[in-house]
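**Student:** Using only what follows, build the 3D model:
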Amino acid sequence: EMLRSLVGSEMCIRDRVKAMRTSVGWFSSPACAVIYQTSKYVALFSSKGYAIGSKFRIWLDGEEQIRQQEAGEHGEELLGFVEDMLAICGSRDYVFFMDAAVTDRFMQEGSLRTYLEEEADLGGEAGGKLRSTILTGFGSSEIMSAVRTLALVCDACLWPLLRCIGSHDHILDVLPKLWPQTLAFFKEAAANPKNIIDGSLELLLSCDTEAKLTARGKRSAIDMARIRKLVAGDELVSKMLSAAFTAMAASTENHASEFLPGGSLAAEVITDDMRERLAGCPMTSTGAERVFALGRALDKRAGAQRDETRSGLLLGDMDDTAAFMRDRANSEQEWAQLRKLARKKLHVTMKMQREHLGLQLRAARQEKLAAKRAKRAAKNAEKARVQALVLATKFSELRSMGNDELKDQLRAHKLNAVSYTHLRAHETPEH
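**Tutor:** Residues are numbered from 1 along each chain as shown. Okay, the predicted model is just below:
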């Protein structure tokens, strides 16, 4: 039923679902597919060379400026901050949960959804396949319910778990406490999913540390408040939460059984010899995570710099610009002039640059959109007029018509034409 509501007809299910899931893998769900494709579309930097996200961010900053000018203040809705979307690399399946709330943020009117609809109206080629599949996911209430379910799971238990396993404590000081408490939470959440929805039930671990209140954390709180309001009373979300926590409880009993009561590494059987043998043992795949962390640090250092600063650093390193400047006749005067110019430019932030560019591009974009939409509206009006015509059924009726009326008759028949491929698709043994 979810797939039928997603694609509109049973004939289209195979192709649309294939498009939704091709880039993620057939093992994935439609919800994970739309999260992955959204993260790919809004990527600000990519080793493959695409950076559509930078265009979206420029558009979003320009639109935010217009909203601020019209309302006199920032809107209450959180629509932007592309940098909150984390990259999904390798086996980092848990990042799907972290990106779920941001994906829901981007599906709002005035955010990525509006940008993609405008791009579709303009007929833009860049990211066309991603654009259509993301809009398909955003337009499905069932898929977005699943995305919001992932966000609720993340908010309820994922962050405390990550904080605990990310500590430098001995493995036997953490996991024998963590997994029994987590298992009890999973079972309670499976029995009472509505308490996850309203936020009254959350994972409290004795090994957890206090969460830092960051700007991203504040935005996450706004996202979760919006999501809780949207899913209040949603029975589908309750069912998915119950099923998810039931499966998580079963997996915990299976994969972490040695740390549960009665297990070989349970709290009551730990000895000094065990502690010595397991000293330095990682609590998770820290080797793989370190590779991702290093890559993210490099992206942040090289990719998030100002364009002119990065260019200057590269030039200075590659062509010895600094030595060239020092050897000039009036080098001190020129250096002073350059430093003054640099200080002046550094007062203009990257966000201010994007806002200025977004406003510059907005007028031309709105003009193109108006022309495209007017043309499409005229075409639809003409189509509706032709469809309303009464078709002639006798030759004598056609003989009495003028050229314009005959052309309309041909247009009407053309609208109702069916392709041979379509006929074959409906063919059955009876045919």
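
**Student:** Dihedrals phi and psi, Asp327?
**Tutor:** The phi and psi values for Asp327, taken as degrees, to the nearest 10, are phi -80, psi 0.

**Student:** so what pLDDT did it get?
**Tutor:** Looking at Asp327, its pLDDT stands at 78.

**Student:** any idea how far it lies from Arg339?
**Tutor:** Using Cβ to Cβ, to the nearest Å, we find Asp327 at a distance of 18 Å from Arg339. (Each C-beta comes from the backbone N, C-alpha and C, glycine too.)

**Student:** how many other residues sit next to Arg328?
**Tutor:** Residue neighbour count, defined by other Cβ atoms under 10 Å, stands at 11 for Arg328.

**Student:** now do Asp61
**Tutor:** Neighbours of Asp61 (other Cβ under 10 Å): 21.

**Student:** Give me the distance between it and Lys351.
**Tutor:** 6 Å.

**Student:** Poorly predicted segments of this structure, please.
**Tutor:** Within the chain, the stretches with pLDDT under 70 are 1-28, 45-51, 71-76, 88-92, 124-127, 283-322, 417-420, 422-423, 425-431.

**Student:** how about a cut-off of 50?
**Tutor:** 1-14, 16, 21-24, 26-27, 49, 307 (pLDDT under 50).

**Student:** what's in contact with stretch 383-391?
**Tutor:** For stretch 383-391, contacts defined as Cβ atoms under 8 Å, 6 or more residues apart in numbering pick out Asp408, Gln409, Arg411, Ala412, His413, Leu415.

**Student:** and Ala329, which of the three is it?
**Tutor:** coil (DSSP: H, G, I helix; E, B strand; the rest coil).

**Student:** how about the residue nearest to Asn192 when sequence neighbours are not counted, what does it touch?
**Tutor:** Spatial nearest neighbour of Asn192, excluding adjacent residues (Cβ to Cβ, 6 or more residues apart in numbering): Leu201 at 6.3 Å. Listed by Cβ under 8 Å, 6+ apart, the contact set of Leu201 reads Ala156, Phe185, Glu188, Ala189, Asn192, Asn195.

**Student:** in which helix or strand would I find the closest residue to the last one other than its chain neighbours?
**Tutor:** For Asn195, ignoring the flanking residues on the chain, the nearest one in space by Cβ to Cβ, 6+ apart is Leu201 at 3.6 Å. Leu201 is part of no helix or strand when elements are defined by DSSP states H and E.

**Student:** Distance-wise, check Leu201 relative to Cys164.
**Tutor:** 18 Å.

**Student:** How about Val95?
**Tutor:** Applying Cβ to Cβ to Val95 and Cys164 gives a distance of 18 Å.

**Student:** Equivalent analysis for Ser264, please.
**Tutor:** 21 Å.

**Student:** The two: which has the busier surroundings?
**Tutor:** With neighbours defined as other Cβ under 10 Å, Ser264 and Cys164 compare such that Cys164 has more, 22 against 9.

**Student:** what about that one, which SS state?
**Tutor:** Once three-state DSSP is applied, Cys164 turns out helix.

**Student:** how close does it sit to Leu178?
**Tutor:** Per Cβ to Cβ, Cys164 is found 5 Å from Leu178.

**Student:** what residues do those two have in common as contacts?
**Tutor:** Going by Cβ under 8 Å, 6+ apart, residues that sit against Cys164 and also against Leu178 are Leu205, Cys207.

**Student:** So which bits of stretch 255-267 are buried?
**Tutor:** Using 16 or more other Cβ atoms under 10 Å as the test for burial, stretch 255-267 gives Ala256, Ser257, Phe259, Leu260, Gly263, Leu265, Ala266.

**Student:** Tell me how many other residues surround Asp173.
**Tutor:** Neighbours of Asp173 (other Cβ under 10 Å): 14.

**Student:** Quick check: chain neighbours aside, which residue is closest to it?
**Tutor:** Closest residue to Asp173 apart from its sequence neighbours, by Cβ to Cβ, 6+ apart: Cys207 at 7.5 Å.

**Student:** pretty sure the one you found is touching Lys177, no?
**Tutor:** Yes. Cys207 lies in contact with Lys177 (Cβ atoms under 8 Å); the separation is 5.5 Å.

**Student:** returning to that earlier point: of the contacts of stretch 383-391, select the buried ones using a PyMOL command.
**Tutor:** Entered in PyMOL, the line below selects the buried ones among these, by 16+ other Cβ under 10 Å:
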select buried, resi 408+409+412
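
**Student:** which one of the contacts of stretch 383-391 sits closest to Thr271?
**Tutor:** Thr271 lies nearest to Leu415 out of the contacts of stretch 383-391, by Cβ to Cβ, at 81.5 Å.

**Student:** quick one: the closest one from Ala384, how far?
**Tutor:** Counting by Cβ to Cβ - Leu415 and Ala384 are separated by 10 Å.

**Student:** ok, now Ser200?
**Tutor:** Distance, Ser200 to Ala384, using Cβ to Cβ: 52 Å.

**Student:** What about Ser140, how many residues nearby?
**Tutor:** Quick note: Ser140 (other Cβ under 10 Å) scores 21 neighbours.

**Student:** Show me which of the contacts of stretch 383-391 is closest to Glu70.
**Tutor:** Leu415 (41.5 Å).

**Student:** Tell me which residues touch that closest one, please.
**Tutor:** Lys383, Val386, Gln387.

**Student:** Filter the residues you listed down to the ones in helices?
**Tutor:** Per DSSP state H, helices hold the following members of the contacts of Leu415: Lys383, Val386, Gln387.

**Student:** Going by neighbour count, which of those residues are buried?
**Tutor:** If we count by 16+ other Cβ under 10 Å, these have these buried: Val386.

**Student:** among the contacts of Leu201, which ones are buried?
**Tutor:** Buried among the contacts of Leu201 (16+ other Cβ under 10 Å): Ala156, Phe185, Ala189, Asn192.
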